[in-house]
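S.K.: need a structure here:
(one chain, ligands or ions: 1)
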Amino acid sequence: MNFKPETLTRIDEVITHYPDLRSGTLPLLHLIQEDVGHISDESIEWIAEKLELEPINVLEVVTFYPMFRRKPIGRRHIKVCRTLPCALAGGYRTCGKFESEFNTRLGEVSLDGEVTVEFVECLASCGTAPVVLIDEVLHENVDEAKAKTISDQIKAEATKGA
Ligand code: FES
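M.R.: From the prediction side, this is the model:
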């Protein structure tokens, strides 16, 4: 598997905390999703082997928790908070703006492969709602106009990188 070396190091370290290897399933899934963006069949098999389980045991955990993605995401990951303070401040409109800017729908990869837009729960910055996390960067007070500006930046960066 093509995991980053630091992910593999973390995995080897995390496993030592679980004498019952099965209990390492959730942390390993989180680390792998953080690394590659989703949980593929190959990742499930890899984890099963690492934790001396059957792949079905890992798959059950993946399908139980809605935060695990089975499909790849775009190069940029736009997470819009939908918890009440952000929703009241226009988070749904913000999300809609990102969707229309990239001509995509929630949870899907835009046709150019550039973004995936998703709703998430509270990002712990409710005082500056609506809040959006793009990759690792938090954006505050993201109304539709700011969503347009951010979208333009992402498109410009994509063109530069192409
Ligand atoms: S409700 Fe959106 S950051 Fe807390």
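
S.K.: ok but Thr116 is inside a strand, no?
M.R.: Yes. Assessed with DSSP: H, G, I helix; E, B strand; the rest coil, Thr116 lies in a strand.

S.K.: Could you tell me the model confidence score at it?
M.R.: pLDDT for Thr116: 95.

S.K.: show me what contacts it?
M.R.: 73-74, 76-78, 104, 107-110 (CB atoms under 8 Å, 6 or more residues apart in numbering). Every residue, glycine included, has its C-beta placed from N, CA and C.

S.K.: which one of the residues you listed is nearest the ligand?
M.R.: Lowest distance from the ligand to these (CB to the nearest ligand atom) belongs to Ile78, with 14.3 Å.

S.K.: Could you find the closest non-adjacent residue to Ile73?
M.R.: On the basis of CB to CB, 6 or more residues apart in numbering, the spatially nearest residue to Ile73 that is not a chain neighbour turns out to be Thr116, at 3.9 Å.

S.K.: how close does that neighbour get to Asp41?
M.R.: Distance, Thr116 to Asp41, using CB to CB, to the nearest Å: 20 Å.

S.K.: And Val80, by the same measure?
M.R.: From Val80 over to Asp41 the distance is 29 Å, taken as CB to CB.

S.K.: More neighbours: which of these two?
M.R.: Set Val80 next to Asp41 and count neighbours by other CB atoms under 10 Å: Val80 wins out with 29 against 10.

S.K.: Can you check the pLDDT for that one?
M.R.: On the pLDDT scale, Val80 gets 98.

S.K.: and it, bridged to which residues?
M.R.: Phe119, Val132 (DSSP bridges).

S.K.: Using neighbour counts, trim the contacts of Thr116 to the buried set.
M.R.: The neighbour-count criterion (16 or more other CB atoms under 10 Å) marks 73-74, 76-78, 104, 108-110 among the contacts of Thr116 as buried.

S.K.: Farthest-apart pair in these, please.
M.R.: Spatial extent of those (CB to CB) is set by the pair Arg76 and Glu108 at 13.5 Å.

S.K.: give the contact list for Leu8.
M.R.: Contacts for Leu8 (CB under 8 Å, 6+ apart) come out as none.

S.K.: how about the helix or strand hosting it: buried residues?
M.R.: Assigned by DSSP states H and E, Leu8 falls within helix 5-15. Buried residues in helix 5-15, defined by neighbour count with 16+ other CB under 10 Å: 7, 10-11, 15.
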